[in-house]
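Engineer: sequence first, then the predicted structure:
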Protein chains: 2
Amino acid sequence: MPKNAGVSRSVVRRLPRYYRFLGELLKKGVTRISSRELAQLMQLTASQIRQDLNCFGGFGQQGYGYNVAALHKEIANIMGLNKLNGTILLGAGNLGRTIAKHMHFESNGFRLDGIFDVNPQIIGQTLNGLVIQDAAGLSTFCEAHHPRAAILCIPKEVAYDSAKELMALGVNCFWNFSHYDLTLNFEGAVVENVHLGDSLMTLCYQINAYYADEEEGGQPEKAN
Amino acid sequence: MPKNAGVSRSVVRRLPRYYRFLGELLKKGVTRISSRELAQLMQLTASQIRQDLNCFGGFGQQGYGYNVAALHKEIANIMGLNKLNGTILLGAGNLGRTIAKHMHFESNGFRLDGIFDVNPQIIGQTLNGLVIQDAAGLSTFCEAHHPRAAILCIPKEVAYDSAKELMALGVNCFWNFSHYDLTLNFEGAVVENVHLGDSLMTLCYQINAYYADEEEGGQPEKAN
DNA sequence: TACAATATGATAATATTATAACAGGAGAGG
DNA sequence: CCTCTCCTGTTATAATATTATCATATTGTA
């Protein structure tokens, strides 16, 4: 059993942030860092960093700290960024096109192999060197290329059916931007939902909480 | 002191999801729902739903449950979606333009009042009925319109300086899509970071964990 | 009107997560 | 070589968050 079996979601969610900060340090030429220094930089406690890292192994050295380059590489390995997951994008509307152009798939563990849409006006256009294909050809494509993951930038009305269809074709990992919650009814799928609207509403709540406190004369509370 | 002072972040993060599900129920014409039914629908425990809602007040009735329309409205109030926060968008590149077109600001507590960029080729174009302005005019605009929030779709190199400039102009709420972490060095700001890359890497981790277990012959673990 | 069924809100119990404490290994300097 | 300081990995403690329990109120029905 690998040591990283059963690592809690909270820890996993922090890994990419560690990875980013270590990448920055690496670029700046920093070669070593202690958990205390990194904690100060990232607004965390040193304890948390040490404990997080020790879920996967002891990467540091007593009296020295952590080697930035080595730790950066280790975390990439832990997240599996080195082997690229073949991926298709469904829905080449505004959002889909931006995701295709904006994301650095290769440095995040993915490789975009195909883009699909149902709109005849869009089909045939080129996006990032890939021709947008008719979604009708999904099945043929999957049999040939066996993509592992799909990015869903499609309306919520069709999200459920599309995801089910993809699973039948052997694709069961989803980066889901549709407003449909793939949380339920998808036993055996690996899902990461992105709800930008939720994020915006959360901000709205925080803003109101902040200014409500201010208007009452009290000190605005520090966000927790 | 309002009852919602000091509500934990975990609860706040669930509010938008409640809001979405209740909205769906409302559209379907469902008038009442019990915490048990809602829990089943949302993949939560009934206890959690009741406890979450009771952070803000007792919206239900014993023996009856919750009135869907009333609860939906209450949550909108709690999040402050009724009064719109004046907002500006910085950076009208791919991502910025998509955010401007794709988000329903008005139903999420915001109103997009201005769009700014530094690229002369973009300045002057129209986006969602707003003319993209030269970022040099930010100060003048803020003095006139007093936007409360800013959406940052700008490169990480300029994120820190831009945010500091905005705060000096009285804008201290940020929806941050730049790869710079506004977590630190921004005491007194309300920040919601969106790191799509982090989300993607998290998915990568989950995929590897899932297939690693499978290859070892064991049952793929249920995502926790 | 009485009674069974239902469902909340509050409280208690449990589980999870984060922080602090500490023992001991490694580096640095004389 | 010895000592002092630094810093990790681990264990212990504290803080949060989630789930279960229970008293009580309302609905629906006969």
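Structural biologist: Now that the structure is in, tell me what you want to look at.
Engineer: excluding its backbone neighbours, what's nearest residue A:190?
Structural biologist: Leaving aside its sequence neighbours, residue A:190 sits nearest to residue A:173 (Cβ to Cβ, 6 or more residues apart in numbering or on different chains; 4.3 Å). For glycine as for every other residue, the C-beta is placed from the backbone atoms N, C-alpha and C.
Engineer: so the one you found touches residue B:204, yeah?
Structural biologist: No. Applying Cβ atoms under 8 Å as the test, residue A:173 and residue B:204 come out as separate, 9.2 Å apart.
Engineer: hang on, residue A:77 in a strand?
Structural biologist: No. If the criterion is DSSP: H, G, I helix; E, B strand; the rest coil, then residue A:77 is helix and not within a strand.
Engineer: still on that earlier bit, between residue A:173 and residue B:204, which contacts overlap?
Structural biologist: Common contact partners of residue A:173 and residue B:204 (Cβ atoms under 8 Å, 6 or more residues apart in numbering or on different chains): residue A:85.
Engineer: on that earlier part again, so how far is residue A:9 from the residue nearest to residue A:190?
Structural biologist: Distance, residue A:173 to residue A:9, by Cβ to Cβ, to the nearest Å: 16 Å.
Engineer: what about the two, which has more around it?
Structural biologist: Remark: of residue A:173 and residue A:9, residue A:173 carries more neighbours, 24 against 11, as counted by other Cβ atoms under 10 Å in any protein chain shown.
Engineer: can you pull up the bridge partners for the more buried one?
Structural biologist: Beta-bridge pairing for residue A:173 (DSSP bridges): residue A:149, residue A:190.
Engineer: ok and the residue in chain A nearest DNA strand C?
Structural biologist: residue A:63 (2.7 Å; Cβ to the nearest atom of the strand).
Engineer: list the contacts of the helix or strand bottoming out on mean pLDDT in chain A.
Structural biologist: In chain A, the helix or strand scored least confidently by mean pLDDT, DSSP states H and E is helix A:196-215, which has a mean of 90. When contacts are defined by Cβ under 8 Å, 6+ apart, helix A:196-215 is touched by residues A:177, A:179, A:219-221, A:223, B:2, B:4-5, B:12-13, B:15-17, B:19-20, B:78-81, B:85, B:99, B:102-105, B:108-110, B:148-149, B:173, B:175, B:190, B:192, B:194.
Engineer: check stretch A:57-67 too.
Structural biologist: So stretch A:57-67 is in contact with A:3, A:31-35, A:37-38, A:50, A:53, A:70-71, A:74, going by Cβ under 8 Å, 6+ apart.
Engineer: same thing but 7 Å
Structural biologist: Stretch A:57-67 has contacts (Cβ atoms under 7 Å, 6 or more residues apart in numbering or on different chains) with A:3, A:31-34, A:53, A:70-71, A:74.
Engineer: what about it, start to end distance?
Structural biologist: Distance between the two ends of stretch A:57-67: 14 Å, counting by Cα to Cα, to the nearest Å.
Engineer: show me which residues of that stretch are buried.
Structural biologist: Across stretch A:57-67, burial judged by 16 or more other Cβ atoms under 10 Å in any protein chain shown covers A:59-60, A:65-67.
Engineer: same check, this time on stretch A:129-137
Structural biologist: Those would be A:130, A:132-133, A:135, for stretch A:129-137 by 16+ other Cβ under 10 Å.
Engineer: just the mean pLDDT for it, thanks.
Structural biologist: Mean per-residue pLDDT for stretch A:129-137: 97.
Engineer: and it, how far out from the chain's middle?
Structural biologist: On the basis of Cα atoms, centre = their mean, to the nearest Å, stretch A:129-137 sits 24 Å off its chain's mean C-alpha point.
Engineer: is there proximity between the least confident helix or strand of chain A and DNA strand D?
Structural biologist: No. Helix A:196-215 stays clear of DNA strand D (Cβ under 7 Å from any atom of the strand), getting no nearer than 14.0 Å.
Engineer: and the angle for that helix with helix B:196-215?
Structural biologist: Here helix A:196-215 runs at an angle of 130 degrees relative to helix B:196-215 (axes from the mean of the first three to the mean of the last three Cα atoms, to 10 degrees).
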